[in-house]
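Visitor: sharing a model that was predicted from the sequence below.
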Amino acid sequence: MDERILLDKIVQKDEKAFQSFVEKYHHLVLNICNNILNNYDDAMDVSQEVFMKFYESIESFRGDSKITTWLYRISVNKSLNFLRSQKRNKWFSSLDILFSNESKAKEPEDRNLKPDENIEQNENKKVLYYALNKLPEKQRIAISLNNFENLAYKEISEIMDISVSEVGVLINRGKKKLHKIIVEYYKKN
């Protein structure tokens, strides 16, 4: 089915058309969310929110950009909102622990790793995610969209609502910081 016809049917609240749309783009949205969140379960939850937001706001889609660009933007925004809410929750949680004198720290469980991956790959993946999470938010998003989603600078600029040259600067600075963080990590360990 032609994408424009599909979108028109979704505007008319055709549930089958919406289901087809979700089936077509779910993997894309899930990958974006997972690349930002680094947690498959959270990415699944956020991807559902992305499609709900899409469905609720389809009437506002003007068609100035590709539908995938719009989905990328919603996915990035929803993922960032989720991270911000997690940070707030952690902050309040740490206050609760401080005031209740309970300081049981747990190592976060990495559910993204498959048991059959070898130890070196697991370690490299953990170090990469560790380093990515140390980057400033905009750099992390630009690098993730470019390297994990293989998006061009122009598409990233549309998604992040910044200039193409800004995207280049974010990616170059981010890669330098990533390299530095990874080198420092391996020197310490």
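Guide: Looks like it came in fine.

Visitor: could you list the buried residues of whichever strand or helix holds residue 176?
Guide: For residue 176, the enclosing helix or strand under DSSP states H and E is helix 164-188. Buried positions in helix 164-188, judged by neighbour count with 16 or more other Cβ atoms under 10 Å: 166-167, 170-171, 173-175, 177-178, 181-182. Placement of C-beta: from N, CA and C, glycine included.

Visitor: same check on stretch 74-86?
Guide: In stretch 74-86, counting by 16+ other Cβ under 10 Å, buried: 74-76, 78-80, 82-83.

Visitor: filter these down to the ones in strands?
Guide: Of the buried residues of stretch 74-86, none are assigned to strands by DSSP state E.

Visitor: now the residue most central in space within the chain. Nearest residue, chain neighbours left out?
Guide: For the chain, the residue nearest the mean C-alpha position is residue 36 (2.7 Å; Cα atoms, centre = their mean). Spatial nearest neighbour of residue 36, chain neighbours left out: residue 79 (4.0 Å); criterion: Cβ to Cβ, 6 or more residues apart in numbering.

Visitor: my read: that neighbour touches residue 47, true?
Guide: No: applying Cβ atoms under 8 Å as the test, residue 79 and residue 47 come out as separate, 9.1 Å apart.

Visitor: count of residues packed around residue 154?
Guide: 11 (other Cβ atoms under 10 Å).

Visitor: ok so, going back, in helices, which of the buried residues of stretch 74-86 appear?
Guide: Counted as lying in helices by DSSP state H, out of the buried residues of stretch 74-86, are 74-76, 78-80, 82-83.

Visitor: what are the ranges of the helices in this structure?
Guide: Going by DSSP H, the chain shows helices at 3-11, 15-37, 40-57, 67-100, 119-134, 137-143, 153-160, 164-188.

Visitor: and the contacts of the first one?
Guide: If you take Cβ atoms under 8 Å, 6 or more residues apart in numbering as the criterion, helix 3-11 is touched by 16-18, 20-21, 55, 58-59, 61, 67.

Visitor: could you do the shortest one as well?
Guide: Outside helix 137-143, the residues that touch it by Cβ under 8 Å, 6+ apart are 36, 76, 80, 132-133, 135, 156, 160, 162, 167, 170-171, 173-175, 177-178.
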